[in-house]
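> Okay, here's the prediction I keep looking at, along with the sequence it came from:
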Amino acid sequence: MKCLLMRISGASVFLILSQFVFAAQAMLDPVDFLALQSIRKRLTDMPGSNYFASWDFTSDPCNFAGVYCDGDRVVALNLGDPRAGSPGLSGRLDPAFGKLSALAELTIVPGRIMGSLPHTFSQLKYLRFLAISRNFISGDIPASFGQLRGLRTLDLSFNQLTGSIPSAVGNLPALSNVILCHNRLSGSVPPFVSQTLTRLDLKHNDLSGWLSPHGLPSSLEYLSLSWNRLTGPVDKPLSHLNRLNYIDLSLNRFTGCIPGIIFTFPITSLQLQRNQFSGPVQPENLVAIPAVDLSYNQLSGEISPMFSTVQKLYLNNNRFTGQVPASFVDRVLSAGIELLYLQHNYLTGIEINPTVEIPLSTSLCLQYNCMVLPVQTPCPLRAGRQKTRPTSQCIQWKG
């Protein structure tokens, strides 16, 4: 009799558990439930992480860490512990992501996720936000991403992506942020058509070719293309971007003049160093830009007095000639300029009293020009030890 009761009790427990599991699955669309199971099987916690501790599929997946539902559908996945510096996830991305047809947001914290981007992402017609950065994602960006017509943010930075940026991605109409920096992408920068695009960050890749004259929308506020192999002039691509507040085109091979109109934009940092820009620089109406770096180019002519309003100004290693404008002296002595690097040019003089004391808060470097230095000031080590340019070079160079 006792054994019979135990058998009945055991059967009852099994029945109750079965009903419980069925009820838990019923809370979420079955397709989404199975997709989450597949995603979970391909990903694991890195040592020190317990992100998946709550992913117990005998309970409601809508209560899992990082899973957000609307009704019986998953609408957002934030995979991994979002705390800064916490261990991330490892493994690979399962194609089952494409089964979460109501998904609008997908983020994955930094970790050691490898492999390629699933082409099934293109099935997520409601996806607005995709951020998988600082992992080891390789392969190309699928051209099928061009089907994500509602995508607003695409952040695949700090991975190992190769291949070109698909033109279909540039044609996405709703983009506001494109962050693909620190990868191994090659080819040209495709034209971007979205009139809501405010941030474009493609630095530290292997991009080449010219910028399309009308390939950057006027809505841009942040533009970083540094550390690539881009060439050609920038006057037409930049001239209409009058909302820019940050420009970094450094360490490329851009040529031609620097358009004077960009100095009228509301820029907080302008970095054009280490290119092949040439000719004079004539700001049309310089606004107060905190930092301007035009160093290591082939710029020539006299230095515009308008630059005296800049707090940190790098004009070194160019071909500037003539006198340093008097307005610079006034700003240096009043500590209005924090940093003024004019070394390695062909400047012929600066009207400053040799006995004057340069404010300690100001860094001024004048060495290796065509002048006897009126004041001795500390210069960066890379400026070298020679104080004055050889006379033979100053005679040959006409500016």
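Received it, and whenever you're ready, just let me know what you need. Numbers count the residues shown, from 1 in each chain.
> In the chain, where's the longest strand?
In the chain, with assignment by DSSP state E, the single longest strand is strand 73-79.
> Other residues contacting the helix or strand that that one is followed by?
Heading C-terminal from strand 73-79, the first helix or strand you meet, by DSSP states H and E, is strand 89-92. Residues outside strand 89-92 that contact it (C-beta atoms under 8 Å, 6 or more residues apart in numbering): 42-46, 49, 51, 79-80, 108-109, 111-115. Using the backbone N, CA and C atoms, a C-beta is placed for each residue, glycine as well.
> Just the mean pLDDT for stretch 90-104, thanks.
For stretch 90-104, mean pLDDT rounds to 98.
> Flag every buried residue along it.
Across stretch 90-104, burial judged by 16 or more other C-beta atoms under 10 Å covers 90-91, 93-104.
> Quickly name whichever of those is closest to Arg385.
Proximity of the buried residues of stretch 90-104 to Arg385 (C-beta to C-beta) peaks at Ser90, which lies at 50.6 Å.
> Look up the residues forming beta bridges with that closest one.
Judged by DSSP bridges, the bridge partners of Ser90 are Thr44, Arg112.
> how close does it get to Asp155?
In this view, Ser90 and Asp155 are 20 Å apart by C-beta to C-beta, to the nearest Å.
> How about Asn228?
On the measure of C-beta to C-beta, Asn228 and Asp155 end up 18 Å apart.
> These two: which is more packed in?
Comparing Asn228 with Asp155 by other C-beta atoms under 10 Å, the one with more neighbours is Asn228, at 23 against 19.
> Chain neighbours aside, what residue packs nearest to Pro233?
Gly256 (3.4 Å; C-beta to C-beta, 6 or more residues apart in numbering).
> Surely the one you found is in contact with Leu238?
No. Using C-beta atoms under 8 Å, Gly256 makes no contact with Leu238, being 10.9 Å away.
> Can you give me every residue that contacts the residue nearest the centre of the chain?
By C-alpha atoms, centre = their mean, the chain has its centre lying nearest to Asp201, at 3.5 Å. Contacts for Asp201 were tallied using C-beta under 8 Å, 6+ apart; they are 157, 178-181, 222, 224.
> cool, and Pro280?
Per C-beta under 8 Å, 6+ apart, neighbours of Pro280: 257, 299-302.
> Now the buried members of the residues you listed.
So, by 16+ other C-beta under 10 Å, the buried ones in the contacts of Pro280 are 299-300, 302.
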